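# after the sequence you'll find the predicted model.
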Amino acid sequence: MDNLSELQEIWRSARTDDLPQAAAVTRMVRKYRSQKLLLVVAVIVGMLLLLAFLIQQTVAYHPAMWSTKIGTICMVTAGLILVAAKISSLVRFYRLKEHSNRDFILFLERTRQRQLFYYKRTQVIGFAICAAGLLLYLYEGVHQKTSLLIGAYAAMIAYLSVLWLYLRRRIFKRQERKLQARIEMFEGLLKQMEV
């Protein structure tokens with residue numbers, strides 16, 4: 001009988017004030033879902049508008065050189081790769097409705113795996129196609145003057161290098177830290193609720 005009374009005393013003295021209520025956890029998940037849906041939709045709409053503008057300008061301009069036409073095709077292809085990847089994410093986040101904490105943690109783990117795949121494969125392919133397209137597109141405007149050609153290509157290569165070597169890695173690491181913190185927070189909540 002002593003063990004039972006001790007157990008009851010421990011049960012009553014356990015601090016639960018730092019645990020969020022179930023409604024608070026649900027709000028956190030809904031807020032996360034809403035933010036991601038809004039961001040993905042904004043990227044898709046922005047890219048489609050940019051692609052429409054690029055195509056409209058190419059049709060109106062009537063480029064004389066094949067390099068410009070090939071460059072436009074490459075940039076449109078890269079944009080479509082981005083749109084396809086974001087539509088896939090949109091579908092995943094749209095399907096995220098009411099889940100248990102474990103299911104949400106599994107969803108976040110899959111999100112981390114998809115983020116890593118995007119960083120290592122999809123983004124590499126899309127960036128390479130877009131960079132090649134941009135360099136080809138630029139050629140028609142600057143090919144007549146050697147100094148302008150060298151200056152424009154040097155500036156473009158420097159810009160693409162900064163994007164690839166610095167900004168891309170920095171953004172990925174920041175997103176990875178955010179996602180890891182969110183996973184750890186939900187795992188901590190799950191462990192506290194199981195105890």
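Received, thanks.
# which stretches of the chain have low pLDDT?
1-25, 98-99, 192-195 (pLDDT under 70).
# which phi and psi does Lys145 have?
As for Lys145, its main-chain torsions (degrees, to the nearest 10) stand at phi -110, psi 120.
# give me the neighbour count for it.
For Lys145, the neighbour count with other Cβ atoms under 10 Å is 10. Every residue, glycine included, has its C-beta placed from N, CA and C.
# and it, how far from Lys97?
Per Cβ to Cβ, to the nearest Å, Lys145 is found 59 Å from Lys97.
# now Gln123
Taken as Cβ to Cβ, the span from Gln123 to Lys97 is 29 Å.
# any idea which element Gln180 lies in?
helix 168-194 (DSSP states H and E).
# show me what that helix is packed up against.
helix 101-117 (3 or more Cβ pairs under 8 Å, 6 or more residues apart in numbering; DSSP states H and E).
# contacts for the helix it packs on?
25, 29, 89, 92, 96, 99, 172, 175-176, 179-180, 182-183, 186-187, 189-190, 193 (Cβ atoms under 8 Å, 6 or more residues apart in numbering).
# which of these are buried?
25, 29, 89, 96, 172, 182-183, 186, 189 (16 or more other Cβ atoms under 10 Å).
# pick out the most distant pair among these.
Spatial extent of those (Cβ to Cβ) is set by the pair Val25 and Phe172 at 27.7 Å.
# tell me how many other residues crowd Val40.
20.
# against Ala128, how distant is the most centrally placed residue in the chain?
Centroid check for the chain by Cα atoms, centre = their mean gives Gln115 as the closest residue, at 6.9 Å. Look at Gln115 and Ala128: by Cβ to Cβ, they are 19 Å apart.
# please apply the same query to Met185.
36 Å.
# how about Gln56?
25 Å.
# quick one: which of these two has more around it?
Ala128 (13 against 10).
# show me where the chain has helices.
2-13, 22-61, 66-95, 101-117, 123-142, 146-162, 168-194 (DSSP state H).
# list the contacts of Leu179.
Leu179 makes contact with 108, 111-112, 115, according to Cβ under 8 Å, 6+ apart.
# 6 Å instead?
By Cβ atoms under 6 Å, 6 or more residues apart in numbering, the contact set of Leu179 is Arg112.
# likewise Ile129?
Neighbours of Ile129 in contact, by Cβ under 6 Å, 6+ apart: 74, 77-78.
# and it, how far from Gln57?
In terms of Cβ to Cβ, Ile129 sits 19 Å off from Gln57.
# just give me the neighbour total for Ala52.
Ala52 has 11 nearby residues by other Cβ under 10 Å.
# swap that for Ala85, please
19.
# so it touches Thr122, yeah?
Yes. At 5.3 Å, Ala85 and Thr122 qualify as touching, with contact defined as Cβ atoms under 6 Å.
# mind listing what the nearest residue to Met75 once chain neighbours are set aside touches?
Spatial nearest neighbour of Met75, excluding adjacent residues (Cβ to Cβ, 6 or more residues apart in numbering): Gly133 at 3.9 Å. Applying Cβ under 6 Å, 6+ apart to Gly133 gives the contacts 71, 74-75.
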